Structures are given as structure tokens and as C-alpha cells.
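1. Show me how the following folds:
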Amino acid sequence: MWALTVCARKAFRLRYQDTEVAKGLRWMTAVNGVFVFMCLVVLSVGFYSTVGYWMYSTLLWLGNLAEIFVYLNFSAIPTSLKIKQIGFAQIIVATILLTVMLVFCPPVDILDLPARLQQQDSLLKISALIISTAAVNFLLLPRLVNATFTQPVLRLLDGVQRINAGDLDAQVVQTTQDELGVLTQHFNQMTGSLHDARTELTRYAQTLEEQVADRTAEIQADKARIEEQAAQLQTVMRELHHRVKNNLAIVSGLLSLQLNRLEDKQAIKAFQEGQRRIDAIALIHQRLYHSEELTSINMGKFVEELTASTMQAYGYSEQSIKLQITSNVDVLDIDTAVPISLIINEFLTNCFKYAIPHVPDPSLSISLLKRDGLLLEVADNGPGIDMDLWQRPTTSFGKRLIKGLSEQTGGILTVENLTPKATPAQVSSEMLIDVLEPDERSFVRGTRFRLFIPEATLMQ
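-> Residues are numbered from 1 along each chain as shown. You can find the predicted model right below:
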């Protein structure tokens, strides 16, 4: 009855907290209930009768086996531990009592009155023994369970809570050598490993912070050194552009002085064209000298200045020519800007020499656009040219210059007359524009020069 009451009470208390344990306790309550019912039946038929005696013995063992089965299926901790501490103790007690009963109270004939009286006297002794044993179990078993199971579990639970709170130095005292003792030992090993890992991580974090600080200092030093070198390089590049511009200005001045001593018109013309080419290159270095970017140039502003300089060289003003300049190219690197500037200079020279002087209302259009590459167009409304004459091989310097620059930039050069009857003719590097003399050409109406440099070529 005591076991039945304890199991029923625990099953009721744990019905919501741990349904699996509560289910096992309900099964234990049922087993103990069957045992109580069996005792009542045995008492009703007579414990000293053969039927009652063997019914009690058989059902007692069946009840013990049922308790073992329940422990195996519903135990929340290792079943061997629970059976050893509670179930096995009950089995031993029941076995001892059964053995005592078999020895001192064997079954007798129900009609043998002296034997039954003697058996009744033995039963009183056995009852006293059962009561004494139950009292001992009632007093000692809870303490045994508390010392060997409850306290170690509580200590483990306290250690887990300390670990959860961040105390990785937590250690649990090992008081037993059973499964709970082994579990406690492994728990202490785990906390020791965690403590060592945290110590190692802390040391590594400190080392990492020091390494990061050292690396940051190195990067800052490298950055300062690079900035200093960049500033020095910028100064050197700016000085280089300034000196190149000055040297080109000296060369241009020497050519001007030499022009005063020349009398041959062809020689004077050649010197003037060479001087304008030098001035075009000098203009690039002048803009680079005054620019923040020392390796690239704003082509929109440069084309305007180059056009104005060429117009002034040929004696024209912005009021005398209808001029249109279009550009969406922000900057070009110097390796591309120099040949482009020389090509523009050659196109403008051709327009101012052979187109604009021959029309009453001259107009000039210059476009520098980015369209899947770089597109340069220079168009005038002059008399036009004969395409056969443009494709005729000559040995003039203008053609050789444009041919070399075209090969350098990897561009495709096209010349077309702006007339409904004209057919555009695309010329390769072997059939480039030549700056022809007036007696070598026949005029039509307007000419457009076009140079296209593919994007892939610009990126090289």
C-alpha cells in the first residue's frame, strides 16, 4: 500500500511536467494495485491453503517481473541504476520474505488443526518480521536513494546551471563509483576542456588583437609611404609635363625664327605645318601640367582649344565660321590622347586649307563620342574631294603620319563626300587620307573624316 500510494502521488504531480515518467508511475501503481488485490484474494481463500499459498507466491514473482518491465521502458535515467537502487531492493526483500515463508510456513492440510495452529503462530512471527522489514525499508531506503541518486543528480544539476551561467570552472564532487559517478567524472572532464578552450581562445584573441594592431600599423606606414611616393611622383610628372611643354615651345620658337630666313614657299609651308603639330602636342602637356590628373586629359576642353588655335593659325575667328563641337568623352589617357590630337590637327589642317576658303558661308563640325569605342568625326561644307585621288598612293608626310597614328591606335579611318551621289569609301591603313595639293583634286560638296577605335583596342 505504501508503494502504491507513493507511485500514485508522483504520477499525479508529474502528469504535466514529464508525461513519460508519469506514465511509468501509473503502470507501477497498477502493478502494486494488482499485488494488493492478490493479497486480498489469498486472504479470502486462505493463505494456508494450497491454492492461496501458491497463488501468493506466483503473483508475487509476476508482480516483481512487471515492475522490472516498467523500469526498463519508462526510466528517465539509465535503467540499471534505477533497478539497482529501488526495484532490485524490493525484489530482494520480497524474495527473502518468500523464502522465510516457504521455510517456516509450508502449506498444511486444512483439516490438520494442530498444524494450522502452529502455522498461525509462525504467521504472527512472520507478520512481525514483515512489519519490521517494511519499517526498515521505509526508513533506510529513502536515505539510500537520496545519498546514492538524488544528491549526485542535484550536484550535477547545480554544475550544469553554473556552466549555463558562464562559470566554466565549475566542478562537481564525485561521491560514488556507479553510473552517476562516471557521469560526474565525464562532466568534470568536459568543464575542464571548456575551461582550457576558453583560456586558449582568450589568449588567441589577445594575440590576434596584437597582430591586427601590428598589421594596421604596417598598413598605415605603407599607406603613408605610398602617399608620399605618389606625391613625389605627381610632382615629378607635373615637372616633366612642364619641361616637355617648354621644350616643345622652344622647338616651335626655333622653327618660327627659321621661317624668317626662308624664301621657298614649300619650305615655309612645311615648317608651319610642323610647327602646328608641335603646338598640338605641347597643348596636351600644358593641359596635363594644369590638371589634377597627370596621366589623362579632358578631351572636350582640349578639342575646343586645339580648334581655336588652328583657326587662329589660319587667320579665322569664331565669328567667321559656323563651328559645332560635340563630345561626351570625359578623359583619355595620354597614350591615346596624343595620337588623337595629331589626327584631329591633320583633319583640321585639311579643312582650313582646302575646304573652308572655297565656300562663302563655311561651317565645321567636330564630334568625339563614345559609342562601343571611340568615334572621331570632322566634317566641313567645302567643295568635297575625288575619292580616287584620296586613295592614290603618295609620299607626303601627312599621309605617313596619319598611317602611323592609325596603326598605333588600331582605328578604322573612313572618308566620304557629303553629297547624295557620293559613295562612302572605307580606307585601311594602306589607303589612308593624304593631304593633297590643290592641283591634285577636283571639288564636289563637303567632306567628312571619320576615325573609329573599337572598345577592345582602347582597353589594351
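
2. Can you show me the helices along the stretch 351-460 of the chain?
-> All helices of the stretch 351-460 of the chain, identified by DSSP state H, counting those that start in this stretch, fall at 387-390, 397-409, 455-459.

3. and what of the stretch 101-250 of the chain?
-> Under DSSP H, counting those that start in this stretch, the stretch 101-250 of the chain gives helices at 113-145, 151-164, 179-259.

4. These: lowest mean pLDDT?
-> Ranked by mean pLDDT, the helices of the stretch 101-250 of the chain bottom out at helix 113-145, which scores a mean of 73.

5. Show me what it is packed against.
-> Applying 3 or more CB pairs under 8 Å, 6 or more residues apart in numbering; DSSP states H and E, one finds that helix 113-145 makes contact with helix 88-104. Heads up, the C-betas are built off the backbone N, CA and C, glycines and all.

6. do you know which of the helices of the stretch 351-460 of the chain lies nearest residue 203?
-> When the helices of the stretch 351-460 of the chain are compared by CB to CB, helix 455-459 sits nearest residue 203, at 50.5 Å.

7. Would you map out the domains in this structure?
-> Segmentation of the chain into domains, based on automatic domain parsing, reads 2-167, 173-294, 314-459.

8. Please state the offset of the last one from the chain centre?
-> Centroid separation for domain 314-459 versus its chain: 52 Å, with CA atoms, centre = their mean, to the nearest Å.

9. Give the rounded mean pLDDT of it.
-> On average, domain 314-459 scores 74.

10. Tell me how far residue 143 lies from residue 386.
-> Using CB to CB, to the nearest Å, residue 143 is found at 126 Å from residue 386.

11. looking at the helices of the stretch 101-250 of the chain, which is buried most?
-> Stretch with highest mean neighbour count among the helices of the stretch 101-250 of the chain: helix 151-164 (a mean of 14; mean count of other CB atoms under 10 Å).

12. Summarise which helices and strands that one is packed against.
-> Counting contacts by 3+ CB pairs under 8 Å, 6+ apart, helix 151-164 is packed against helix 179-259.

13. Report the next helix or strand after the helix it packs on in sequence order.
-> Next along the chain after helix 179-259, taking DSSP states H and E as the criterion, comes helix 265-289.

14. Give me the buried positions along the following helix or strand past that next one.
-> For helix 265-289, the following helix or strand on the C-terminal side (DSSP H and E) is strand 296-298. Residues of strand 296-298 classed as buried under the neighbour-count rule (16 or more other CB atoms under 10 Å) are 296-298.

15. For the domains of the chain, state which one has the densest average packing.
-> The highest mean neighbour count among the domains of the chain, using mean count of other CB under 10 Å, belongs to domain 314-459: a mean of 17.

16. Can you list the low-confidence ranges for the stretch 1-150 of the chain?
-> 46-50, 53, 61, 65, 68-69, 71-113, 115-116, 119, 123, 141 (pLDDT under 70).

17. quick revisit: same list (the helices of the stretch 101-250 of the chain) but as a markdown table, adding distance to residue 322.
-> Formatted as a markdown table, the helices of the stretch 101-250 of the chain follow (distance: least, CB to CB, whole Å):
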| stretch | distance to residue 322 |
| --- | --- |
| helix 113-145 | 112 |
| helix 151-164 | 87 |
| helix 179-259 | 29 |
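
18. nearest to residue 447, of the ones you listed?
-> Minimum separation from residue 447 across these (CB to CB) falls at helix 179-259, 28.6 Å.

19. helices or strands up against that closest one?
-> helix 79-82, helix 151-164, helix 265-289.

20. what's the offset of that helix from the middle of its chain?
-> 21 Å.

21. Next, the angle helix 265-289 makes with it.
-> Orientation check (axes from the mean of the first three to the mean of the last three CA atoms, to 10 degrees): helix 179-259 against helix 265-289 gives 150 degrees.

22. the inter-axis angle of helix 179-259 versus helix 151-164?
-> Angle of helix 179-259 versus helix 151-164, following the same axes, to 10 degrees, is 10 degrees.

23. Send me stretch 168-186 as PDB with only the CA atoms.
-> Provided in PDB are the C-alpha atoms of stretch 168-186 (Å, rounded to 0.1, in the frame of the first residue of the first chain):
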ATOM      1  CA  LEU A 168      33.400  27.300 -16.800                       C
ATOM      2  CA  ASP A 169      35.500  26.500 -13.700                       C
ATOM      3  CA  ALA A 170      32.600  24.600 -12.200                       C
ATOM      4  CA  GLN A 171      33.500  21.100 -10.800                       C
ATOM      5  CA  VAL A 172      31.200  18.500  -9.200                       C
ATOM      6  CA  VAL A 173      32.300  16.400  -6.300                       C
ATOM      7  CA  GLN A 174      32.300  12.600  -7.200                       C
ATOM      8  CA  THR A 175      30.900  10.600  -4.300                       C
ATOM      9  CA  THR A 176      30.000   7.300  -6.000                       C
ATOM     10  CA  GLN A 177      31.600   4.900  -8.500                       C
ATOM     11  CA  ASP A 178      28.400   3.900 -10.200                       C
ATOM     12  CA  GLU A 179      26.900   5.300 -13.400                       C
ATOM     13  CA  LEU A 180      26.300   8.700 -11.800                       C
ATOM     14  CA  GLY A 181      29.900   8.700 -10.600                       C
ATOM     15  CA  VAL A 182      31.100   8.000 -14.100                       C
ATOM     16  CA  LEU A 183      28.700  10.800 -15.400                       C
ATOM     17  CA  THR A 184      30.100  13.200 -12.800                       C
ATOM     18  CA  GLN A 185      33.700  12.300 -13.800                       C
ATOM     19  CA  HIS A 186      32.900  13.000 -17.500                       C
END
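
24. what's next to that stretch, contact-wise?
-> Contacts with stretch 168-186, where a contact means CB atoms under 8 Å, 6 or more residues apart in numbering, come from 78, 80-81, 84, 147-149, 151-153, 155-156, 158-159, 162-163, 187-188, 191-192, 194-195, 198.
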